[in-house]
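**Q** structure, please.
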Amino acid sequence: MNIEDLPKPLKDDIEDQSLEILERISGDIVVIGGWGVRAHLGVGHRRYTLDVDGVTDNKTLGLLRDRLVGIGLDANHTEWGIQFVKRYIPCVDIPDAVKANVEMIQLRIEISGPRISEYSTPHYFEFSLTETEIKEIPYHNRDGIVKVKVPPIEHMTAVKLGLPVDYKNNFDAVMLLQKSDVDKVVLAIKNNDDWGEMILRRMPKLKGRIAQSGRLENTLAIAAGIDVRRHISILEQIEKQL
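**A** Residues are numbered from 1 along each chain as shown. Presented below is the predicted three-dimensional model:
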C-alpha cells in the first residue's frame with residue numbers, strides 16, 4: 001500500500017514521527033529527498049513523505065550513527081552511506097482495513113556523503129555542504145517547527161529530474177519547477193558531472209508518465225492545479241538547453 005492511500009490521521013502521524021527524528025539531526029545534515037522538497041514548497045508539496053534523506057561529511061556521519069543508534073534505530077552500512085530504520089508505532093487509531101499494511105511500515109533515514117551517484121552508472125550530482133538555505137517545516141499534530149538546511153531549490157529540481165522516474169521523483173520535479181528559475185536549473189545540471197545525460201535518458205518517461213491519465217503523479221498534479229501541457233513544454237525547454 002502506498003502511503004498516499006492511508007487515512008489522513010495516519011499519514012500525519014507518520015510524518016510527525018519522521019520529522020521528530022529529523023529534528024534530532026537537522027543541524028548536522030543538508031536535507032534532500034522528500035523533506036527537502038517539503039521545506040521549499042510547504043503545503044504546496046501536496047504529497048506525504050516518511051523517509052529522511054540527507055548528506056553530510058564523513059566525520060559527522062559517524063557521529064550521527066552513534067546518536068541515532070542511541071535512540072533505538074538500527075544502522076545498516078551501505079556502499080553509499082548508512083541507512084537507519086525504525087518500526088513505525090502508531091499514536092493514532094488504525095482502521096482494521098489497513099492494520100496489516102501499517103505493521104510493515106518502517107521509518108527510514110538515509111545519510112551519505114554529498115555526492116549522489118546514479119546506480120550502475122558513473123554519473124553523479126554533488127550537493128554543496130555550504131551553499132544552503134534555512135527553511136522551516138511544521139508538525140501536523142503538535143506545536144513547533146523544525147529548521148533544516150536545504151540546497152537551493154534549483155539544485156533540488158536538477159537532482160529530481162535525473163533520478164529514476166517513480167511517482168515521487170516525477171511529481172516532486174513537477175512541483176519544484178513551478179517555483180524554480182529554469183535557467184538556474186539547467187546551470188545546476190551542467191555544473192554537475194554529466195548529470196544532463198541522466199536527465200536526457202529519463203526525459204521520455206518524465207513526459208510520458210506525467211501525461212498518462214490514471215498514474216499517481218498525474219492524479220496528484222491535476223489535483224494540485226498543474227497545467228500538464230505547460231509542464232511538458234518546460235521539460236522540452238530544458239531538454240533543448242542540454
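**Q** how many residues are close by residue 11?
**A** 19 (other Cβ atoms under 10 Å). (C-beta placed from N, C-alpha, C; glycine too.)
**Q** for residue 55, give me its contacts.
**A** Residues near residue 55 by Cβ atoms under 8 Å, 6 or more residues apart in numbering: 29, 30, 32, 111, 112, 113, 114, 116, 127, 129.
**Q** and which of the residues you listed is nearest to residue 216?
**A** residue 32 (21.4 Å; Cβ to Cβ).
**Q** can I get stretch 19-35 as PDB, trimmed to CA atoms?
**A** C-alpha atoms of stretch 19-35 as PDB (Å, rounded to 0.1, in the frame of the first residue of the first chain):
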ATOM      1  CA  LEU A  19      10.000  14.800  11.400                       C
ATOM      2  CA  GLU A  20      10.800  14.200  15.100                       C
ATOM      3  CA  ILE A  21      13.800  12.100  14.100                       C
ATOM      4  CA  LEU A  22      14.800  14.700  11.600                       C
ATOM      5  CA  GLU A  23      14.700  17.300  14.300                       C
ATOM      6  CA  ARG A  24      17.300  15.400  16.200                       C
ATOM      7  CA  ILE A  25      19.900  15.700  13.400                       C
ATOM      8  CA  SER A  26      18.700  18.700  11.400                       C
ATOM      9  CA  GLY A  27      21.700  20.800  12.400                       C
ATOM     10  CA  ASP A  28      24.200  18.200  11.100                       C
ATOM     11  CA  ILE A  29      22.900  17.400   7.600                       C
ATOM     12  CA  VAL A  30      21.700  19.100   4.400                       C
ATOM     13  CA  VAL A  31      18.200  17.700   3.900                       C
ATOM     14  CA  ILE A  32      17.400  16.400   0.400                       C
ATOM     15  CA  GLY A  33      14.700  14.000  -0.800                       C
ATOM     16  CA  GLY A  34      11.000  14.400   0.100                       C
ATOM     17  CA  TRP A  35      11.600  16.500   3.200                       C
END
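**Q** and the next helix or strand past the helix-or-strand element of the chain with minimal mean pLDDT?
**A** Least confident helix or strand, the chain: strand 115-117 with a mean of 90, by mean pLDDT, DSSP states H and E. Scanning forward in sequence from strand 115-117 by DSSP states H and E, the next helix or strand is strand 124-126.
**Q** all the strands of this protein, in order from the start?
**A** 30-32, 52-55, 74-77, 81-87, 106-112, 115-117, 124-126, 133-138, 145-150 (DSSP state E).
**Q** quick check: angle from the fourth one to strand 106-112?
**A** Pointing back at strand 81-87 there. Angle, strand 81-87 to strand 106-112, by axes from the mean of the first three to the mean of the last three Cα atoms, to 10 degrees: 170 degrees.
**Q** gap between strand 81-87 and the chain center?
**A** 16 Å (Cα atoms, centre = their mean, to the nearest Å).
**Q** tell me what that strand is packed against?
**A** Secondary-structure packing of strand 81-87 (3 or more Cβ pairs under 8 Å, 6 or more residues apart in numbering; DSSP states H and E): helix 58-70, strand 74-77, strand 106-112.
**Q** got the strands of the chain as a markdown table, with distance to residue 197 columns?
**A** Converted to a markdown table, the strands of the chain look like this (distance: least, Cβ to Cβ, whole Å):
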| stretch | distance to residue 197 |
| --- | --- |
| strand 30-32 | 21 |
| strand 52-55 | 22 |
| strand 74-77 | 29 |
| strand 81-87 | 24 |
| strand 106-112 | 21 |
| strand 115-117 | 13 |
| strand 124-126 | 11 |
| strand 133-138 | 28 |
| strand 145-150 | 25 |
